[in-house]
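# Build me a model:
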Amino acid sequence: MTAGAAGRRSWHTGWMSVTDPVTAAGTAEQAAGEPCVLLKLGEIVLKGRNRQQFERLLEGNVRAAVRDTAVPVELVHREGVVVLRVPRQERTPAEHATLVDQVAARVSDVPGIVRVCRPLLVPKTPEAAVAAAIRLTEGTSGAFAVRARRRDKRFPVTSSELAVLIGREIQAAHGLPVNLKHPDTEVFVEVDQREVFVFTGGQPGQGGLPVGMSGRAVALMSGGIDSPVAAYRMMRRGLRCYFLHFSGMPLTGPESIYKAYALVRGLDRFQGGSRLFVVPFGKAQQALATSGADRLQVMAQRRLMLKTAAVLARRVGGAALVTGDSLGQVSSQTLPNITALDDAVSLPILRPLLGWDKTEIMAEARRIRTLAISELPDQDCCTLLTPRRVETRARIDDLRRIEGRLDADELAEQLAATAQEYRPE
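Next comes the predicted model:
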């Protein structure tokens with residue numbers, strides 16, 4: 001296999017590459033095998049009259065993500081797909097493929113894309129599609145199937161006829177058997193307006209909706225396993241999240257801040273433009289403890305955190321709060337206690353993990369690559385001044401009396417004013 005062929009194969013087994021519609025001016029060599037990235041849209045295609053608004057926002061998010069790579073990219077929107085192209089310029093095929101792979105790796109983290117495919121873009125002829133399919137199946141083993149689709153119904157060969165034609169030529173070239181139900185390799189052929197995309201795979205995208213479509217929220221970031229996953233799940237539903245971390249300083253060191261920053265930096269690849277606010281919470285915890293909170297200490301702390309988050313949300317235009325609560329996971333997450341927490345603020349508190357167990361949350365944290373950071377040791381402010389016995393059925397009236405002694409609403413304003421802002425690079 002030549003070096004060029006090896007490079008082409010990597011586009012379909014690892015990350016991908018990007019290209020523009022083939023024009024008549026393009027050379028035959030480029031047309032026969034120019035790699036590209038094909039982004040398949042998910043829920044967006046089901047939207048009605050406001051679908052264009054979703055698509056415009058997604059395109060903006062894709063462009064912003066690609067800017068992180070510093071690679072020049074051209075974007076073409078088609079019916080239900082987005083095509084990306086890295087201009088060839090004076091680059092060698094290997095250099096071009098490397099840049100394309102960088103772009104593909106980056107856009108795979110953008111919510112709103114259900115699948116990221118790695119096609120070869122070829123001229124709009126059956127012959128070109130056959131040649132690309134033969135090239136992509138070179139060196140494969142086992143049974144194969146061809147899945148053809150025409151987005152342009154004017155193409156003179158029907159989808160089924162094209163699949164039969166390409167399948168027959170692959171058999172003749174490589175001697176592979178056909179199995180339409182359980183193939184080892186699937187060859188996808190999609191006829192578009194001005195070109196044909198041929199590919200043998202792809203990878204799942206993040207799915208969901210474009211970030212920003214559902215508004216803004218403040219996510220409480222503890223530094224544990226749950227809260228980063230909760231924030232990610234809401235980003236995936238189109239919510240732009242700003243992050244609020246309560247450190248135990250001055251009663252603890254800055255380790256939890258480092259963790260929170262690392263977590264936000266990791267999550268930033270899904271939305272971009274993230275902001276982390278850090279509030280020193282140690283003295284407020286002491287004040288709650290001396291006010292006689294006793295068994296209600298944890299609940300009083302959490303209500304004060306929510307009040308502070310609500311103040312911050314007003315500042316950044318947030319319309320909701322996000323927490324990593326999972327029903328029954330810890331004492332503060334019983335149904336009576338969750339009800340008492342909801343009473344603390346007027347903003348809705350979104351809890352995307354409410355019905356998840358710890359195993360499911362850890363699996364998701366591992367998938368989005370936050371688990372290793374969350375498991376690093378630190379001094380969590382939530383473990384400070386915790387009573388030996390924690391109330392599992394907190395009464396709202398009791399909590400309000402504790403807050404009345406401290407003027408909790410004013411204290412929340414003061415805490416929000418002390419917030420330090422960090423922006424991940």
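# Not counting sequence-adjacent ones, nearest residue to Ala231?
Distances taken as C-beta to C-beta, 6 or more residues apart in numbering put Ala219 closest to Ala231, at 4.1 Å, once the chain neighbours are dropped. Backbone N, C-alpha and C define where each C-beta goes, glycine included.
# I'd guessed the one you found sits against Tyr232; true?
No. If you go by C-beta atoms under 8 Å, Ala219 and Tyr232 don't touch, sitting 9.4 Å apart.
# So those two - more neighbours on which side?
Using other C-beta atoms under 10 Å, the more surrounded residue of Ala219 and Tyr232 is Ala219, with 29 against 25.
# show me what contacts the more buried one?
Shown in contact with Ala219 (C-beta atoms under 8 Å, 6 or more residues apart in numbering): Ser227, Ala230, Ala231, Met234, Cys241, Tyr242, Phe243, Leu244, Leu321, Val322, Thr323.
# Most neighbours among the residues you listed, which one is it?
Busiest of the contacts of Ala219 [other C-beta under 10 Å] is Ala231, holding 32 neighbours.
# Counting by contacts, list what whichever strand or helix holds it packs against.
Assessed by DSSP states H and E, Ala231 sits inside helix 226-235. Under the contact definition 3 or more C-beta pairs under 8 Å, 6 or more residues apart in numbering; DSSP states H and E, helix 226-235 sits against strand 216-220, strand 240-247, helix 255-271, strand 321-322, helix 358-367.
# if we go to 6 Å?
helix 255-271, strand 321-322, helix 358-367 (3 or more C-beta pairs under 6 Å, 6 or more residues apart in numbering; DSSP states H and E).
# and the first one, average pLDDT?
Spelled out, it's helix 255-271. Helix 255-271 shows a mean pLDDT of 95.
# Show me which residues of whatever helix or strand comes next after it are buried.
With elements assigned by DSSP H and E, the helix or strand that comes after helix 255-271 is strand 276-280. Of the residues in strand 276-280, Leu276, Phe277, Val278, Val279, Pro280 count as buried by neighbour count, 16 or more other C-beta atoms under 10 Å.
# Surely the first one and Val264 touch.
Read that as Leu276. Yes. Between Leu276 and Val264 there is a contact at 4.5 Å, judged by C-beta atoms under 6 Å.
# tell me, what's touching those two both at once?
Any residue near both Leu276 and Val264 by C-beta atoms under 6 Å, 6 or more residues apart in numbering counts here, and that gives Phe243.
# low pLDDT regions in the stretch 201-350 of the chain?
Nowhere does the stretch 201-350 of the chain drop to pLDDT under 70.
# Break this structure into its domains for me.
The chain breaks down into these domains under automatic domain parsing: 3-204, 216-422.
# Out of these, which gets nearest to Pro210?
The closest of these to Pro210 is domain 3-204. By C-beta to C-beta, the value is 4.0 Å.
# which parts of the host helix or strand of Arg303 are buried?
For Arg303, the host element (DSSP H and E) is helix 297-316. For helix 297-316, the neighbour count (16+ other C-beta under 10 Å) marks 297-313 as buried.
# what angle separates that helix from strand 240-247?
What separates the directions of helix 297-316 and strand 240-247 is an angle of 140 degrees, with axes from the mean of the first three to the mean of the last three C-alpha atoms, to 10 degrees.
# residues in contact with helix 297-316?
218, 220, 242, 244, 246, 277, 285, 288, 293, 321, 332, 341, 344-345, 347, 387, 390, 394, 402, 408, 412-413, 415-416.
# gap between Val116 and Val110?
As judged by C-beta to C-beta, to the nearest Å, Val116 and Val110 stand 9 Å apart.
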